[in-house]
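Participant: Need a 3D model of the following:
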Amino acid sequence: MENFLRGKNMWGYVTGTKAKPLVPQNENFDLLIDAWETDNSKFITWINNSITRSIGMQLAKYDTTKKVWNHLERLYTYCNFAKQYQLEYDIHALQQNDQSIQDFYAVMSDLWDQLALTESKELKDFEPYIVRREEQRLV
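Facilitator: Residues are numbered from 1 along each chain as shown. Okay, the predicted model is just below:
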């Protein structure tokens with residue numbers, strides 16, 4: 001999603017660098033507000049079209065791209081021990097059975113990638129941890 005938004009020149013809405021104009025600064029103020037609200041609505045629509053209905057209902061209370069993104073970041077990236085435990089359990093319980101090696105590898109890689117998303121920023125920046133995590137992967 002980040003690459004998509006950067007490609008649309010809308011990443012600033014997530015970071016807050018493209019904040020809603022609050023004070024009239026020139027005669028184009030109405031146009032600036034309209035453009036900001038249009039882009040903000042586009043982003044929220046893109047997100048809502050990409051998620052489940054139950055998550056979309058959680059996002060309905062947010063009116064800016066930044067607030068929506070912050071909520072999704074808390075929901076999906078911050079350390080969540082229950083989610084980590086479930087992913088680690090799924091990784092250890094996964095068996096190839098009648099799957100092709102490509103399908104098995106894809107499922108395993110997806111689980112490892114999801115687990116990596118639950119890591120705190122401090123762990124992601126700690127080289128010995130990264131080395132150990134990569135040693136545990138089946139690659």
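
Participant: Only C-alpha atoms, please: export the helix or strand bottoming out on mean pLDDT in the chain in PDB.
Facilitator: When each helix and strand of the chain is scored by mean pLDDT, DSSP states H and E, helix 121-124 comes last, with a mean of 82. Listed next in PDB are the C-alpha coordinates belonging to helix 121-124 (Å, rounded to 0.1, in the frame of the first residue of the first chain):
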ATOM      1  CA  LYS A 121      10.800  -1.400  15.600                       C
ATOM      2  CA  GLU A 122      13.500  -2.100  18.200                       C
ATOM      3  CA  LEU A 123      13.700  -5.800  17.200                       C
ATOM      4  CA  LYS A 124      13.700  -4.900  13.500                       C
END
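
Participant: Name the residues that touch the next helix or strand after that helix?
Facilitator: Per DSSP states H and E, helix 121-124 leads on to helix 127-136 as the next helix or strand towards the C-terminus. Applying Cβ atoms under 8 Å, 6 or more residues apart in numbering, the contact partners of helix 127-136 are 116, 123, 124. No exception for glycine: its C-beta is placed from N, CA and C like everyone else's.

Participant: possible to save the residues you listed as TSV with distance to residue 55?
Facilitator: TSV is the format used below for the contacts of helix 127-136 (distance: Cβ to Cβ, whole Å):
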residue	distance to residue 55
116	21
123	25
124	24
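
Participant: Rebuild the residues you listed as JSON lines, extending it with neighbour count and distance to residue 56.
Facilitator: Formatted as JSON lines, the contacts of helix 127-136 follow (neighbours: other Cβ atoms under 10 Å; distance: Cβ to Cβ, whole Å):
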{"residue": "116", "neighbour count": "16", "distance to residue 56": "25"}
{"residue": "123", "neighbour count": "13", "distance to residue 56": "30"}
{"residue": "124", "neighbour count": "13", "distance to residue 56": "28"}
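
Participant: and which of the residues you listed is nearest residue 11?
Facilitator: Set against residue 11, the nearest of the contacts of helix 127-136 by Cβ to Cβ is residue 124 (19.9 Å).

Participant: which intervals of this structure have sub-threshold pLDDT?
Facilitator: Along the chain, the parts satisfying pLDDT under 70 run over 25, 77-79, 138-139.
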